[in-house]
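1. Fold the stuff below for me.
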Amino acid sequence: MNDHLAPLLTPEGHALLAEVRGTAPADELAVATRLRRTHPAELVSAALAQARLRQRAAAKFGEADADRMFFTPNGVEQSTRASVATYRAERLKTLGVSSVADLCCGIGGDAIALARAGIRVLAVDRDPVTARTARANADALGLADLIEVREADVTEVDTAGWDAVFVDPARRGGRGRVFDPEAYSPPLSWAVGAASTARVAALKIAPGIPHETVPADAEAEWISDAGDVKEAVLWFGTEPGAVRATLLPGPRTLLGRGLPDPEVRPVGRYLYEPDGAAIRAHLVAEVAEELDGGLIDPTIAYITADALHATAYATPYEITDQLPFNVKKLKALLREREVGILTVKKRGSAVEPEELRRKVKPQGPNSATVFLTRVAGAPTMLVGHPARP
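-> Okay, the predicted model is just below:
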């Protein structure tokens with residue numbers, strides 16, 4: 001991308017990108033061979049590489065935007081999903097924010113969402129290729145009037161005069177994901193300091209951050225999209241000490257109330273699997289109260305109840321069987337029920353779902369869900385199926 005972005009921004013580059021749009025991997029060699037007869041080989045390779053990245057990015061940005069944007073491999077992997085970025089931008093707008101210093105902006109995913117919300121953005125990244133890509137994306141989507149891209153070290157940028165600061169530090173190193181917030185680049189402690197320079201600040205962090213590392217004056221929010229936990233955010237200038245789980249689409253937000261752990265109960269007719277954002281935010285007790293339910297085990301985030309309730313914060317299953325962990329008994333039960341479509345979920349079990357599926361060899365027209373878990377400390381298999389309120 002370092003040498004190939006500029007040629008792709010020329011009329012020839014745009015025409016070539018349009019021509020290779022949607023090229024299947026199996027067809028790349030033939031397409032490349034044909035196009036190299038009339039175009040420079042490096043430009044053809046760059047266009048095909050960009051087409052592949054755009055296809056990958058469609059899941060995050062939507063096909064319409066992805067087909068106009070420019071990406072790097074890391075940019076596709078690490079950028080914020082558009083639905084999450086849009087939610088955050090709308091929240092900042094609701095807080096009265098009209099300008100944001102977006103530090104560690106990457107390829108510009110958050111900056112795009114902020115600008116579309118009518119917010120003026122200073123987008124900063126120290127990597128030259130990444131900064132050029134962010135600038136190209138602002139131009140491609142017609143947002144250059146609202147987004148100023150600056151290639152700079154974020155620790156040297158003066159954020160005075162901006163309503164809000166948003167920091168998305170790098171959480172990957174040479175050996176993969178970084179779990180220690182002080183090993184982020186820049187470190188979380190620096191980001192917290194940067195937050196103090198603005199009226200409102202949002203710091204994007206890994207969802208697995210230990211709760212004890214959350215600053216006392218921050219609000220902590222965990223966000224999931226379509227059931228998948230995407231990120232956590234520390235907010236400053238909002239509600240100090242608040243904890244919330246936000247589910248997209250929606251948004252639907254569950255606010256922590258400091259409830260004690262739910263009581264442990266025998267497995268009832270229904271089992272509820274809380275959304276991952278509620279689990280990460282330690283708000284299982286709030287979900288259980290809404291369902292008038294209890295836990296099946298003090299260390300397991302499964303809620304049991306005797307009644308079926310409609311809730312956005314958990315997925316309900318009707319339980320038909322409860323067995324001590326025994327593969328032979330489960331195999332016999334599934335054979336008797338003619339179960340060929342088997343969903344295996346686990347929480348608190350060392351057994352891998354694929355391993356269990358191989359052993360029971362499901363066959364038949366019916367479907368079932370098996371939960372490998374613990375009930376009051378005992379390894380247990382719960383069999384059931386999704387329930388619809």
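2. Give the closest residue to G227 in space, chain neighbours not counted.
-> Counting by Cβ to Cβ, 6 or more residues apart in numbering, G227 lies nearest to D275, which is 6.3 Å off, once chain neighbours are set aside. Where C-beta positions appear, they are placed from N, C-alpha and C, glycine not excepted.
3. all strands for the stretch 101-250 of the chain, in order.
-> 120-125, 147-151, 164-167, 172-173, 176-177, 200-205, 219-225, 228-236, 243-248 (DSSP state E, counting those that start in this stretch).
4. so the last one versus strand 228-236, what angle?
-> Angle between the axes of strand 243-248 and strand 228-236 is 130 degrees (criterion: axes from the mean of the first three to the mean of the last three Cα atoms, to 10 degrees).
5. any idea how far the next helix or strand after strand 243-248 is from the chain center?
-> On the C-terminal side of strand 243-248, the nearest following helix or strand under DSSP states H and E is strand 252-255. Counting by Cα atoms, centre = their mean, to the nearest Å, strand 252-255 is centred 17 Å from the centre of its parent chain.
6. what is the mean pLDDT for strand 252-255?
-> Averaged across strand 252-255, pLDDT comes to 97.
7. Tell me the spacing between A160 and R199.
-> 11 Å (Cβ to Cβ, to the nearest Å).
8. neighbour-wise, which of these two wins?
-> Each of A160 and R199 has its neighbours counted (other Cβ atoms under 10 Å); R199 has more, 13 against 8.
9. from what I can see the more buried one touches W162, true?
-> No: with contact defined as Cβ atoms under 8 Å, R199 does not reach W162; the gap is 9.2 Å.
10. Mutual contacts of those two, please.
-> Common neighbours of R199 and W162, using Cβ atoms under 8 Å, 6 or more residues apart in numbering, do not exist here.
11. residue contacts, V31?
-> Contacts of V31 by Cβ under 8 Å, 6+ apart are V20, T23, L48.
12. part of a strand, is it?
-> No: counting by DSSP: H, G, I helix; E, B strand; the rest coil, V31 is not part of a strand but helix.
13. mean confidence for stretch 231-248?
-> The model assigns stretch 231-248 a mean pLDDT of 97.
14. repeat for stretch 145-154
-> 97.
15. Equivalent analysis for stretch 184-203, please.
-> Averaged over stretch 184-203, pLDDT sits at 91.
16. Endpoints of it, how far apart?
-> Stretch 184-203 has an end-to-end distance of 12 Å (Cα to Cα, to the nearest Å).
17. for the nearest residue to I223 once chain neighbours are set aside, what are its contacts?
-> With sequence-adjacent residues excluded and distances taken as Cβ to Cβ, 6+ apart, I223 is closest to T246, at 4.9 Å. The contact partners of T246, by Cβ under 8 Å, 6+ apart, come to Y87, E221, W222, I223, S224, R252, T253, L254, A277.
18. Now that E12 has come up, it's in contact with H39, right?
-> Yes: contact criterion Cβ under 8 Å: E12 and H39 qualify, at 7.1 Å.
19. who has more neighbours, those two?
-> Set E12 next to H39 and count neighbours by other Cβ under 10 Å: H39 wins out with 18 against 15.
20. any weak-confidence spans in the stretch 1-150 of the chain?
-> Low-confidence segments of the stretch 1-150 of the chain, defined by pLDDT under 70: 1-3.
21. In it, mark out all the helices, start to finish.
-> In the stretch 1-150 of the chain, the helices defined using DSSP state H, counting those that start in this stretch lie at 5-8, 11-20, 28-35, 41-61, 63-66, 73-78, 82-94, 109-116, 128-140.
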